[in-house]
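S.K.: here's a sequence, model it:
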Amino acid sequence: MMPRGADQLLLPVNPLFMWFTLLMAFAFNLVPLGRNPALPDLLALVLVFWNVHQPRRVGVGVAFVFGLMMDVHDSAVLGQHALAYTLLSYFAITIHRRLLWFDLLTQALHILPLFLAAHAVSLTVRMLVGGMFPGWELMLAPVFESLLWPVVSLLLLAPQRRPPDSDKNRPL
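M.R.: Model (predicted):
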């Protein structure tokens, strides 16, 4: 039985493409776009995508390392992003089998609480150490991340949907 959302069989993911997308999302997070708390965390979005689609290759350890690198870049409390990304990845891996049964819009609704919780954890750590409250616009970031889920899913699954080389001896 195949999940409802999977209309066609996907080719295996290229590990180089997977790591390239993670590094590009990290690089996008490094771009100084100003202090906008509603800006979506693209690295978190790509991490969750690969946690859902490749949980054995991209796990909690990868999320922890990327979180530490984001902490160093943002001059944040060491472990603030690491804790948020680790929890986000853990819960994404926990629901990955169930999530793949739904269409992209329903998946976006299912991961919205994960992004809300990750931002809440990061905000709690920031506030516990005496940081400033960034404003209520911070609650828009998980909504934007959830709205970007279908776009990111279509883009990152596109290389796996290409047709395999045709062979007259193999009709599939």
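S.K.: by contact count, what packs against the helix or strand hosting Arg97?
M.R.: Counting by DSSP states H and E, the element that carries Arg97 is helix 96-99. Helices and strands touching helix 96-99, by 3 or more C-beta pairs under 8 Å, 6 or more residues apart in numbering; DSSP states H and E, are helix 42-53, helix 104-128. Just so you know, the C-beta spots here come from the backbone N, C-alpha and C atoms, and that holds for glycine as well.
S.K.: buried residues in that helix?
M.R.: Applying a neighbour-count criterion of 16 or more other C-beta atoms under 10 Å, one finds Leu99 buried in helix 96-99.
S.K.: all helices of this protein, in order?
M.R.: For the chain, helices defined by DSSP state H occupy the ranges 15-30, 42-53, 60-74, 80-94, 96-99, 104-128, 140-157.
S.K.: neighbouring contacts of stretch 10-26?
M.R.: 42-43, 45-47, 50, 53-54, 57-58, 62, 66, 69-70, 156-157, 159-162, 164 (C-beta atoms under 8 Å, 6 or more residues apart in numbering).
S.K.: again, only using 10 Å
M.R.: 41-47, 49-50, 53-54, 57-58, 62-63, 66, 69-70, 73, 152, 155-157, 159-164 (C-beta atoms under 10 Å, 6 or more residues apart in numbering).
S.K.: give me the buried subset of the residues you listed.
M.R.: 41-47, 49-50, 53, 58, 62-63, 66, 69-70, 152, 156.
S.K.: any idea how far Gln160 lies from Trp136?
M.R.: 39 Å (C-beta to C-beta, to the nearest Å).
S.K.: do the same with Ala44
M.R.: 20 Å.
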